[in-house]
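Student: coords please:
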Amino acid sequence: MQPKIKTLSNRAVGKLTVEKDTVFWDRDLTGFGVRVYPTGSKVYVAQARGPKGPRRVTVGRHGVIHADEARKRAAMVIARVKAGDAPVAEPMKPVSGPTVAELAERYLEEHVAVRCKPSSAALYRSAIRRHILPALGKMQIEAVERAQVVELHQGLCEAPAAANRAVRVLSTMYRLAGEWGMAPEGTNPCRAIARYPARRRERFLTDAEFTRLGEALDETEASGSASASAVAALRLLALTGCRKSEILSLRWEDVALDEAELRLADSKTGARVVPLPPPAVELLTRLPRTPDVPWVIPGQKPGTHLRDVDHAWRIVRARAGLGGVRLHDLRHSYASRALALGEGLPMIAKLLGHAHVETTARYAHLARDSVRESAERVALSIAADVLERRA
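Tutor: Next comes the predicted model:
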């Protein structure tokens, strides 16, 4: 008796191994099976008995077509055989055309390498190499269906950020495939796939923690535990709310001290101007300038800029007793302080360089808290005059 498994899914078939030719039958659709060879090759089959006797027909090879597509073909074959018709109305044409791997290669060369920042490009390459290609790389673009993408997404449920990124990258690849003529426009199996909720890890420093941070920066610089360049970078991050990459790659030609602003030609969201508060202007004025070194935060090697302040941050964080606070939380804390001082979300978006105010909406709860505190202060100042006085 040939073995049966509950459902011939793509994942279940992929795990099958045998020492001799074996057919595994699906329990849900009678007559639908997969023949597995010791070499690892797997072929989907459909078997049924009709007026002319039993027939067994190959409907596709695993890896070329998905299990769901094989099931549809098998159901059609079984129905036709039982009705006494030919198993297929006409020869089944194998799915042809470029593969997902070929699309990924073009996507990386013509889109990512040209349009994306290095940090984003690294994330997209990782998503393709680690998740998309192992699951779908050998399949033709038009053969991929929504079910396969859902399976890919759900298979990464323990890493929701990676799961969402993989689907987002794949969706962009399919949109470009339509523009490039590699697939019919509108062919996108990623549509309507619900993303996992983002897990925010925001942390906002209190006034007391900012005080400890300043003391720790002074102690770290005085002791030489971190380079003066690294400490200066950390101070600028706290004072400006800039992204780490914006400060580390800052050139003196981008600094306009007389106008008290940074003129960033190539930030994450494009060119932008960052206003410099007086303490930041004073800090930049004190920084040494070396001839022929264009970088505000120079690195150890001549002619380079500092590329990593994470080690210095861990030292400062430990001295300040800020365990668990990430470097990026300085940016969140900058936004939080601005809200506490009465700035609105549109202004915060400009200060942080957000291309869309929707990105700043994560701070909406802080804005509500700030409004509530203001309302309480106003009400308390009036309460003594308008409330009933009791003896």
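
Student: And the helices in the stretch 201-350 of the chain?
Tutor: 207-223, 228-240, 244-248, 278-286, 310-320, 329-340, 345-352 (DSSP state H, counting those that start in this stretch).

Student: so can I have a markdown table of the ones you listed showing distance to Ala83?
Tutor: All C-beta spots, glycine's among them, are computed from the backbone N, C-alpha and C. Output for the helices of the stretch 201-350 of the chain, formatted as a markdown table (distance: least, C-beta to C-beta, whole Å):
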| stretch | distance to Ala83 |
| --- | --- |
| helix 207-223 | 76 |
| helix 228-240 | 73 |
| helix 244-248 | 65 |
| helix 278-286 | 80 |
| helix 310-320 | 68 |
| helix 329-340 | 66 |
| helix 345-352 | 64 |
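
Student: would you turn the ones you listed into CSV with distance to Tyr107 and mean neighbour count?
Tutor: Shown next, in CSV, are the helices of the stretch 201-350 of the chain (distance: least, C-beta to C-beta, whole Å; neighbours: other C-beta atoms under 10 Å):
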stretch, distance to Tyr107, mean neighbour count
helix 207-223, 42, 15
helix 228-240, 33, 22
helix 244-248, 23, 20
helix 278-286, 40, 14
helix 310-320, 30, 18
helix 329-340, 30, 21
helix 345-352, 29, 18
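
Student: export the ones you listed to CSV and tack on distance to Arg263 and mean pLDDT?
Tutor: Formatted as CSV, the helices of the stretch 201-350 of the chain follow (distance: least, C-beta to C-beta, whole Å; pLDDT from 0 to 100):
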stretch, distance to Arg263, mean pLDDT
helix 207-223, 26, 92
helix 228-240, 13, 92
helix 244-248, 11, 90
helix 278-286, 13, 92
helix 310-320, 26, 94
helix 329-340, 19, 83
helix 345-352, 15, 77
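
Student: Can you say which of those is nearest to Thr172?
Tutor: Thr172 lies closest to helix 244-248 among the helices of the stretch 201-350 of the chain, at 22.0 Å (C-beta to C-beta).

Student: domains in the protein, as residue ranges please.
Tutor: 4-82, 100-180, 207-374 (automatic domain parsing).

Student: Report how many residues lie close to the closest residue to Pro51 other than its chain neighbours.
Tutor: In space, and not counting its chain neighbours, Pro51 is closest to Gly84: 4.4 Å by C-beta to C-beta, 6 or more residues apart in numbering. Using other C-beta atoms under 10 Å, Gly84 has 9 neighbouring residues.

Student: Gly84 touches Gly50, doesn't it?
Tutor: Yes - contact criterion C-beta atoms under 8 Å: Gly84 and Gly50 qualify, at 5.3 Å.

Student: A strand includes Trp25, no?
Tutor: Yes - Trp25 sits within a strand when classified using DSSP: H, G, I helix; E, B strand; the rest coil.

Student: That one: how many residues sit nearby?
Tutor: Neighbourhood size, Trp25 [other C-beta under 10 Å]: 18.

Student: Which residues does it form beta bridges with?
Tutor: On the basis of DSSP bridges, Trp25 is bridged to Lys4, Gly33.

Student: pretty sure it is touching Arg35, no?
Tutor: No - counting by C-beta under 8 Å, Trp25 sits too far from Arg35 to count as a contact (10.4 Å).
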